[in-house]
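K.L.:
fold the following, please.
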Amino acid sequence: MTMLPFRGSLWDMDGTLVDTEPYWMRAETELMRAHGLHWDEQLGELMVGNPLLTSAQILREHGLDLLAGEIVDRLLARVVEQVRGHVPFRPGARELLAELRAAGLPCALVTMSYRVLAEAVVAACPEGTFAALVTGDEVEHGKPHPEPYLAGASALGLDPAECLAFEDSLPGLRSALAAGTQAVAIPHIVELPTLPGARYLPSLAGVTVAELAALGADALSGPRSR
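P.N.:
Numbering: from 1, shown residues only. Model prediction:
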């Protein structure tokens, strides 16, 4: 395969690579209810794509009287426990990763989850799937700041413009665009607005490297159906 418009890819994890958002919502609900507080799926949408400390602050604003760091630790432990029982990969994600690897295109995981969770997910992937990991506990600024995706591209030795970035959340999509990547949105839990420069796919199911290469920015601009 020659003359590809990208040389590597950067992958969000929660909601893009794996469907862990229900795990997070379960952890949030259990924690809030243990303290006599209401939490539900609609409120859980406030958390999607945020750095963990931002999510902890949202829970504090809804009445949870714990330090932000303690909230993060409790949520993270519960989600890791669930992931170690079962890793819920999103449709098409593993297949596309395998094809990217076979084509010699390196991939990095760029997530606001912490390394302990990222490593639990990566352990369920074939060895060598990801050449680098960028995690929320290892960056100064989380999404929507461009730092995570700038770090991911740098870890692959690539310019951000040479990288596809797969995202399902608005903070993540803004981060990928601000970093100058070829951002591809795959909406999942929450709807995403049409943002200039972003590319949209309804799902990764059945998507191939050849299809990504053939679809230019004009073809990908704006939500579409398969």
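K.L.:
list of residues touching stretch 69-77?
P.N.:
24, 27-28, 31, 52-53, 55-56, 59-60, 64, 66, 113-114, 116-117 (CB atoms under 8 Å, 6 or more residues apart in numbering). The C-beta positions use only the backbone N, C-alpha and C, and glycine is treated the same way.
K.L.:
for that stretch, buried residues please.
P.N.:
Within stretch 69-77, the residues that qualify as buried are 71-72, 74-76, counting by 16 or more other CB atoms under 10 Å.
K.L.:
sheet-wise, list the partners of the host helix or strand of residue 109 with their directions.
P.N.:
Assigned by DSSP states H and E, residue 109 falls within strand 107-110. Using DSSP bridges, the strands paired with strand 107-110 are strand 8-11 (parallel), strand 132-134 (parallel).
K.L.:
return the next helix or strand along the chain from it as PDB; C-alpha atoms alone will do.
P.N.:
Using DSSP H and E, the helix or strand that follows strand 107-110 towards the C-terminus is helix 115-122. These are the backbone C-alpha positions of helix 115-122, laid out as PDB (Å, rounded to 0.1, in the frame of the first residue of the first chain):
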ATOM      1  CA  ARG A 115      -2.100   3.800  32.900                       C
ATOM      2  CA  VAL A 116      -3.400   1.000  35.200                       C
ATOM      3  CA  LEU A 117      -6.600   0.800  33.200                       C
ATOM      4  CA  ALA A 118      -4.900   1.400  29.800                       C
ATOM      5  CA  GLU A 119      -2.500  -1.500  30.400                       C
ATOM      6  CA  ALA A 120      -5.400  -3.800  31.400                       C
ATOM      7  CA  VAL A 121      -7.100  -3.100  28.000                       C
ATOM      8  CA  VAL A 122      -3.800  -3.300  26.000                       C
END
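K.L.:
I'd say residue 122 and residue 132 touch.
P.N.:
No. Checked against CB atoms under 8 Å, the pair residue 122 and residue 132 is beyond contact range at 10.6 Å.
K.L.:
give the residues shared as contacts by those two.
P.N.:
The contact lists of residue 122 and residue 132 share residue 109, where a contact means CB under 8 Å, 6+ apart.
K.L.:
re the thing from before, do me a favour and average the pLDDT over the strand holding residue 109.
P.N.:
Averaged across strand 107-110, the pLDDT comes to 98.
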